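1. Here is my input; please provide its structure:
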Amino acid sequence: MIGETLAHFRITEKLGEGGMGEVYRAEDSKLGREVALKVLPAIFAEDTDRMGRFSREAQVLASLNHPNIAGIHQLEHDDKTQFLVMELVEGETLAERLERGPVPLDEALKITLQVIAGVEEAHDRGIVHRDLKPANIKITPKGQVKVLDFGLAKALQGDPSVTGSSPSLAHSPTMTAQMTGVGVLLGTAAYMSPEQARGEIADRRADIWALGIVLMEMLNGKTVYGAQTMSDTLAGVLARDPKWDELPADTPSAIRRLLERCLEKDSRKRLQAIGEARLIIERYLEDPAASEAEALPARDVAAMPWMRIAPWLVAAALVGALVAAPAVWLSRPGSAEVPPVRSSLVLPEARMLHRGYGSPVAISPDGERVVQAFSAGTNHELYVRGLDQWAGSVVVAGSGQSRPYQPFFSPDGEWLGFVTPDSLNKVPVSGGTPIKLCDVNLSRGASWGPDGTLVFAPNPAGGLSRVSAAGGEPEPLTELDPEKKEITHRWPQILPGGGAVLFTAHSSDSNFDQAWIEVLDLASGQRRVVHQGGTYGRYVESGHLVYMNQGTLFALPFDLDSLEPTGSAAPVVQGVGSSGQGGAYFEVSSTGVLAFVPGQEGGGVQLEAVLVDREGKERLWVYDTGAAMTVCQSSSRAWRPRRLSYFVLQS
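-> Next up, the predicted model:
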């Protein structure tokens, strides 16, 4: 085609070819510029329905405008030839660069950051690349990285929802069309995620897998998954782990760990947002030593002399800040004595806890991080910090209808869910762009289950709903019982195992201290009342149902298998704050960390807690907190505490 003219574009040079078409350099006679033309395969160009869908998809792709994305200008045709007019990017592809050998670590990380920047922009726009590979990454003579062919795999692949289209065919890594009998590869086998190799629908996590493969190949200079045939390559992707020993011996632990998280075969265990990879690399480049210490396994950290002494230094620094601590006995028979862990946390300056609706505090499942919802004038923030850190950072900020509150963690602790007045959202705990999951209207609580489903109260006057953690259309889960005059279901908690949901039901005839706590069996759809006379029920893994009544936390022995109480309730902590709408200001992790907000604002608040021994005898502790929040922690990671210590988060 060299020397031919398509529309007003004169072809001057062939640049390459692949399953998605041939690429040429061309001169645009109208605008006097050079462009790249991708001439689409005849198999697609002759399919009117497919080209109609592709045309609509191309309009979306053309809206991408980012310095690390090679832009699509327009879709053109000349007689029966369909072609894309794209930005011409000078330079070599990463595939050509890799022919000369491995890429040095710093250079590889800087290339990766630019790739991430482009992909992250597309993901934020709802566009997934689906064919990220070295041949689609170009490096200009000035060192700028451009990602090519964004979204074309999906655009060319078609729509599986069209009548008569086979989903297994539409989402297969190879598409064998009746018109040719030749397999057209949509995506490249060596860079396909396991879910793509299985013929499943690919989402943004497929790009995260491909990014991990590309980075690993830059470091070791070898193809991670390569075989003589495509079938053997796909089999390797599905069955074999990457050869980690092929990475250079001096590869930093932080980067090894990043690669491991990108290349999890189960997409649910993989990094969930590509921005997380960006933050890890940026953190490493800013402070390699600190990043390495964070990435080391616990046994390696413990072996470092300065790390062995660090806890004692922290303890010495905290001694003067500790307040008197009550202890609460929540034990399983035969559990060993667990010494309390003491800590004192300080709120950031000029911030107040957001005291509205649900709890303003969330504890990560491993009990190692606290998230607080702050108000700072008209601004609102979600602030995360580790219990082993002196300070934290803002994860989400907003005001007005975008103000974040009611935080909660995903089961793996990697994501933070939250609501605004009109939406349910999620964001990586490490930071990034929040992702809207669905609309709400002043939600009253949400919980994230192990199967990737969220159960939430979409409004203050209705039943519960559920939605995928990937977003979508919510599905109603419970209905109000008119015979009981129910007016709301709220504050859900998905119980361990994900088979049942605990929630608070309230009628028009009573206040929340007379509300009832119910459990919903998700398999059968049956509901039952497990306790009447309290609100904000939470199961804790000591085998108790903890709930709020008149400012006091009560613990009720509860069997998770039968979903029934097994004993009588006893008071645990008095003076816990509430929203006045059934929401209570406390949360408990699965490892024994309890955080709560005192029931009165200001300093000098008298709080009471009860020590209950094995014979049921109570001993009253009274102490002055002057606190904005109290943190309780057990050192046990197995949640079998016999004693929890309560300490103050100083404001």
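2. Provide a list of residues in contact with Pro248.
-> Remark: with contacts taken as CB atoms under 8 Å, 6 or more residues apart in numbering, Pro248 is in contact with Pro102, Leu105, Leu219, Asn220. For the C-beta atoms, the positions are set from N, CA and C on the backbone; glycine is no exception.
3. quick one: pLDDT of it?
-> Pro248 is assigned 93 on the pLDDT scale.
4. Would you quantify the distance from it to Arg256?
-> 10 Å (CB to CB, to the nearest Å).
5. isn't Leu98 right up against Leu219?
-> No. Checked against CB atoms under 8 Å, the pair Leu98 and Leu219 is beyond contact range at 10.6 Å.
6. Pull up the pairing partners for the strand or helix carrying Arg466, direction included.
-> For Arg466, the host element (DSSP states H and E) is strand 465-468. According to DSSP bridges, strand 465-468 has the following sheet partners: strand 453-456 (antiparallel), strand 475-476 (antiparallel).
7. Return the most buried member of these.
-> Stretch with highest mean neighbour count among these: strand 453-456 (a mean of 23; mean count of other CB atoms under 10 Å).
8. and Thr251, how many neighbours?
-> 15 (other CB atoms under 10 Å).
9. list the helices and strands the longest helix along the chain packs on?
-> Using DSSP state H to define each element, the chain has its longest helix at helix 105-124. Helices and strands touching helix 105-124, by 3 or more CB pairs under 8 Å, 6 or more residues apart in numbering; DSSP states H and E, are strand 137-139, strand 145-147, helix 204-220, helix 274-286.
10. Among those, which comes closest to His123?
-> Smallest distance to His123 across these (CB to CB): 4.8 Å, for helix 204-220.
11. helices or strands next to the closest one in the packing?
-> By 3+ CB pairs under 8 Å, 6+ apart, helix 204-220 packs against helix 94-98, helix 105-124, helix 194-197, helix 253-262, helix 274-286.
12. buried set for the longest one?
-> This points to helix 105-124. Neighbour-count burial for helix 105-124, with 16 or more other CB atoms under 10 Å as criterion, is recorded at 105, 108-124.
13. how deep is Met192 tucked in, by neighbour count?
-> Count around Met192 with other CB under 10 Å applied: 29.
14. show me what contacts Leu247?
-> Per CB under 8 Å, 6+ apart, neighbours of Leu247: Met216, Leu219, Asn220, Arg256, Leu259.
15. For the helices and strands packed on helix 105-124, give me TSV that also has mean pLDDT.
-> Shown next, in TSV, are these (pLDDT from 0 to 100):
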stretch	mean pLDDT
strand 137-139	93
strand 145-147	92
helix 204-220	95
helix 274-286	91
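16. can you redo the ones you listed as a markdown table with distance to Val35?
-> Listed next are those as a markdown table, based on distance: least, CB to CB, whole Å:
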| stretch | distance to Val35 |
| --- | --- |
| strand 137-139 | 15 |
| strand 145-147 | 14 |
| helix 204-220 | 26 |
| helix 274-286 | 29 |
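17. Make a markdown table out of the ones you listed and add mean neighbour count and distance to His544.
-> Below are the helices and strands packed on helix 105-124 laid out as a markdown table (neighbours: other CB atoms under 10 Å; distance: least, CB to CB, whole Å):
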| stretch | mean neighbour count | distance to His544 |
| --- | --- | --- |
| strand 137-139 | 22 | 53 |
| strand 145-147 | 24 | 52 |
| helix 204-220 | 24 | 36 |
| helix 274-286 | 19 | 34 |
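18. Quick check: phi and psi at the nearest residue to Gly226 once chain neighbours are set aside.
-> Using CB to CB, 6 or more residues apart in numbering and skipping the chain neighbours, the partner closest in space to Gly226 is Ala190 (5.5 Å). Dihedral angles of Ala190 (phi, psi; degrees, to the nearest 10) stand at phi -70, psi -10.
19. Quick check: which of the helices and strands packed on helix 204-220 is nearest to Ala523?
-> With respect to Ala523, and counting by CB to CB, the nearest of these is helix 194-197 at 26.4 Å.
20. What residues sit buried inside stretch 122-137?
-> 122-124, 127-137.
21. Just give me the lowest mean pLDDT stretch among the helices and strands packed on helix 204-220.
-> Among the helices and strands packed on helix 204-220, helix 194-197 scores lowest, at a mean of 87.
22. by contact count, what packs against that one?
-> helix 204-220, helix 230-239.
23. now the end-to-end length of stretch 529-543.
-> 18 Å (CA to CA, to the nearest Å).
24. what distance separates it from the middle of the whole chain?
-> Mean-position distance between stretch 529-543 and its chain equals 28 Å (CA atoms, centre = their mean, to the nearest Å).
25. Correct me if wrong: Val145 contacts Asn68.
-> Yes. Shown here, Val145 and Asn68 form a contact pair, counting by CB under 8 Å, at 5.6 Å.
26. thought the residue nearest to Gly226 was touching Thr233?
-> Yes. Look at Ala190 against Thr233 with CB under 8 Å: they come within range, at 5.5 Å.
27. Could you point out which residue ranges in the stretch 451-600 of the chain have low pLDDT?
-> The stretch 451-600 of the chain contains residues with pLDDT under 70 at 592-593, 598-600.
28. The same query, at a cut-off of 50, please.
-> 600 (pLDDT under 50).
29. which residues of it fall in strands?
-> 453-456, 465-468, 475-476, 486-494, 500-507, 516-521, 527-532, 535-540, 544-549, 552-559, 564-565, 570-574, 586-588, 593-596 (DSSP state E, counting those that start in this stretch).
30. which strands and helices sit next to the last one?
-> Okay, so that is strand 593-596. Using 3+ CB pairs under 8 Å, 6+ apart: strand 593-596 touches strand 361-363, strand 586-588, strand 627-633, strand 644-650.
31. let's see 6 Å
-> Packing partners of strand 593-596 (3 or more CB pairs under 6 Å, 6 or more residues apart in numbering; DSSP states H and E): strand 361-363, strand 586-588, strand 627-633.
32. same deal with the fourth one?
-> Helices and strands touching strand 486-494, as assessed by 3+ CB pairs under 6 Å, 6+ apart, comprise strand 446-448, strand 500-507.
33. Could you check how far that strand is from the centre of its chain?
-> On CA atoms, centre = their mean, the centre of strand 486-494 falls 24 Å from that of its chain.
34. Apart from its chain neighbours, what residue comes closest to Leu263?
-> Leu263 sits nearest to Gly212 (CB to CB, 6+ apart), 4.4 Å away.
35. sorry, back to before: where do the contact lists of Ala190 and Thr233 overlap?
-> Among the neighbours of Ala190, those also in contact with Thr233 (CB atoms under 6 Å, 6 or more residues apart in numbering) are Tyr225.
36. Find the residue at the geometric middle of the protein.
-> In the chain, the residue lying closest to the centroid (CA atoms, centre = their mean) is Trp415, at 3.5 Å.
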